[in-house]
Structures are given as structure tokens and as C-alpha cells.
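Trainee: have a look; sequence and predicted model below, questions after that.
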Number of protein chains: 2
Amino acid sequence: MKEHPQRIFNDKEQALLEEIMIHRRDVRGNHFLDTPISQESVNRIIEAALAAPSVGFSQPWEFVLIRDQKTKQAVKETFSEETARAAMQFTDEKQKEYIKLKLEGILEAPLNMAVFYKPADGPVLGQTSMPNMGKYSVVCAIQNMWLMARSLNIGMGWVSILDPEKVKQVLGAPEPNQLIGYLCFGYTDMFYNQPELELKKWDRKKLQKEVVIQEKYT
Amino acid sequence: MKEHPQRIFNDKEQALLEEIMIHRRDVRGNHFLDTPISQESVNRIIEAALAAPSVGFSQPWEFVLIRDQKTKQAVKETFSEETARAAMQFTDEKQKEYIKLKLEGILEAPLNMAVFYKPADGPVLGQTSMPNMGKYSVVCAIQNMWLMARSLNIGMGWVSILDPEKVKQVLGAPEPNQLIGYLCFGYTDMFYNQPELELKKWDRKKLQKEVVIQEKYT
């Protein structure tokens, strides 16, 4: 058994975690460098995923590491199809802005990663009333990787404008697996000071008072 | 505009993030203390949520803070119903183990929090092909809170053995809102050295080689 003595964190350590969270960005292709990521860094990012909480300790995740440009190109094709379709759903100014945005870094990022939810065969403790819990565990693993990557000064972007079935097909994923996230990792020329969509005034940051409710809705 | 100068994190800072992740636990009622959580700590936990990534910067979250024991009691009732039903799904030894486990800390934790996904009225950038992305954003916020709480030496437990519709009813939540997580926060008498379900041999920790695939499935 690994020994982790009872650990009490202090003010400085709390402030550092906040800093990592505040400096975490969604990075797109116009900022990725082609500097390779060391195997050690990849391992640390994956270990962060494996330290994530999972419902009933089910650890229902699989991580496909993609470096082959041909595979990336095939994924990029589904992005291009889906983003063209998506643009049609926005109107007027929002459509113009949407078209101008760079929304992925599939080809530019040296490392891509497809993260799958792999359903269990039997019942999962904690998932019996809320069937999405397994997928949510996989998202916790992704968020751990995002923070770990940022602390390693590596950018990550989450690409969701994809047909998950096409990505599965490209990767030969087993039928029951479900794509949760398609991630791009790479060093960057910079990290924005704010979320890019805040900076570009796509939307503004919500305040605590807009999203916190005391006791009950009225 | 808030200025966050380009921040490069170092080895010690990376190791600290790993420590926080490794020491994060799912805490249940047999370990919560009734020590109140200061408003400052609650604010820092919520700020961590607001720093989470969200699809298209949609920030589709709402947080209901619950301290009223009557409300907790009503939520505990749906837990009791659902866990009795869940126990039936496990067989033999697993059922015996399931019944012995303490799986929530609703009444014991001084602060409960219901976290909702609030769907947007129009299309959301990045959510057009993967409709679950909004819910996944809310999960990222929960994982940020979990880590922030742990750094503040506050335990968190995620209770998922609940009927989400009953929780919505108890809290008077608007019809379109969807419950993503029901969380319990409190100081603890201890944090386990390992996930509790690993310690109790419910399941074992998966290794990288079991969950990492290179390039494609074969």
C-alpha cells in the first residue's frame, strides 16, 4: 500500500492551485508549437487522469494517443464537416464571428488524444440512479489532465465539433466505447490572459451572484 | 481586464498539483466534522468552479448552497430509496459489501451543494455536434471545486445515488435544469491514503498499460 501521510495544505499551496486554474486556457492551432512533448510529461498527464475520481472506483476510461498525421487528418475532416454545419446554426453577427474563430489545433498539436468512456458489463456502484456518472468520471479525468498539462506549461484544447461516430471509426474503437473528449496537446507560443472567447467578446464571464442560489430556488 | 502575466510553472509547483490530486478523496458521512466552513472558503471553492473551462464559454452552471437540515433530510430520503433499489442489482458478496458501505454524508456535512446544468436558449459554440458538452463543462467545474476544497483541507463527497427529479422538486429547480452533481462539503477527521473503495478491495487501481492505446485500437 502506498503511504500518503495525512497532508495539510497551506495558504501558499492553495494560492498556487488557484493560479494554475486561472492560467489554464483552451489552446487552439494558431498557438501550438511543434516542440515534441517528452514521454515523461505524457506519463505525468496520464497519471493525473488516473488520479481522478470515478464513480464506484470504476475508472471507466481509455486514452488513445495519436501522433500520426494521417489519423489527425482524418479527424480534421469530420471537424471541417461539422463546423460548416454548425456555422449555419448561428445568425447575423454571431455567424460572422463564428466563422472567423480558430476552433481547433488537430494538425498543429504534436499530440492528440481521444478519451473514451468504456461502459462496464455489470452494475456500477453509484451509477444505478444516474447513468451518466461514468461519463462524468471521464470528464473529471480530462479536467485533471488539463490542469496538469498547464502546470507543465503545455497547452491543451478540447475539440468537440466532431462526429463522435466518425472519430470512433477512424480509431477502430470498440462499438460500446463512447467518445467523451478529443484533446490536442502541445507547447504554445503564449497563453491568453483570459478565456479567448471572453477576450473576443463572444460572451462575458458570469459572476457568483448570477449563478449561486441560497437554499432553494424561489 | 485582469492582467495575468505569462506564467511559467516550475518543478516544485507541478509536484504540488500532483500532491493535491493524489490526496483528493471522496469523503462520506462517517468522516465529516460539523465545523462550519467560512464564507471565504466557500467563495474560493465557487471561484474555482467559475474558472473551469466551459464549451463556447457558456458557463452553463448553477450552484445551490444548502445548509438547512430539513432540505438535507428530504434529499437523504431519495438517497435511501435509491440505495435500497441499487443494492438489489448487486449479487452475492458484492451485495453484502454494498450494504456495509457508507456512501454519502448528506446530513453530516455542514454544507451541501446541488450543481445544475442550465441549458442555453440558442445554439452553443462547440455543443452543436456533441450535445453533452454543456453537462461536461459543469463536471469540469465540479472537479475544480473538489481539488480546491482538498487544498483548503475540506473534504467533498459526490452523492449520485439519488433520483435527480426528486432533488429538483425538493429545491424547486426550474424544469429545464438538470442535476449533474449533489455534493457534500465539510472538514474531516481524516483523509484516507487511497480511494476508499480501493482500500476496501471493492476494485483495484488500473494501470496506464491497461487503459492507454497507441495510435489506434487493433
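Mentor: Thanks, I have it.
Trainee: what sits closest to A:Arg44 if chain neighbours are left out?
Mentor: Spatial nearest neighbour of A:Arg44, chain neighbours left out: A:Met148 (6.2 Å); criterion: C-beta to C-beta, 6 or more residues apart in numbering or on different chains. C-beta: built from backbone N, CA, C; applies to glycine.
Trainee: what strand or helix carries the one you found?
Mentor: helix A:133-151 (DSSP states H and E).
Trainee: dump that helix to CSV, keeping only the CA atoms.
Mentor: What follows is helix A:133-151, C-alpha atoms only, in CSV (Å, rounded to 0.1, in the frame of the first residue of the first chain):
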residue,chain,number,x,y,z
MET,A,133,-22.0,9.2,-13.9
GLY,A,134,-19.5,7.0,-15.7
LYS,A,135,-19.1,9.6,-18.5
TYR,A,136,-18.8,12.3,-15.8
SER,A,137,-15.9,10.4,-14.3
VAL,A,138,-14.1,10.5,-17.6
VAL,A,139,-14.6,14.3,-17.7
CYS,A,140,-13.0,14.6,-14.2
ALA,A,141,-10.0,12.8,-15.7
ILE,A,142,-9.9,15.2,-18.6
GLN,A,143,-10.0,18.2,-16.2
ASN,A,144,-7.2,16.7,-14.1
MET,A,145,-5.1,16.3,-17.3
TRP,A,146,-5.9,19.9,-18.4
LEU,A,147,-4.6,21.3,-15.1
MET,A,148,-1.6,19.0,-15.1
ALA,A,149,-0.7,20.0,-18.6
ARG,A,150,-1.0,23.7,-17.8
SER,A,151,1.3,23.2,-14.8
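Trainee: quick one: A:Arg67 from A:Asn144, how far?
Mentor: Separation of A:Arg67 from A:Asn144 (C-beta to C-beta, to the nearest Å) stands at 22 Å.
Trainee: contacts only, for A:Ile45.
Mentor: A:Met145, A:Met148, A:Ala149, A:Leu152, A:Ile154, A:Phe185 (C-beta atoms under 8 Å, 6 or more residues apart in numbering or on different chains).
Trainee: specify the beta-bridge partners of the residue nearest the centre of chain A.
Mentor: Nearest to the mean C-alpha position of chain A, counting by C-alpha atoms, centre = their mean, stands A:Trp158 at 4.3 Å. Counting by DSSP bridges, A:Trp158 forms beta bridges with A:Leu183.
Trainee: ok, A:Met133 to chain B distance?
Mentor: A:Met133 is 5 Å from chain B, where distance means C-beta to the nearest C-beta, to the nearest Å.
Trainee: which ones are touching that residue?
Mentor: A:Val55, A:Val124, A:Gly126, A:Gln127, B:Ser160.
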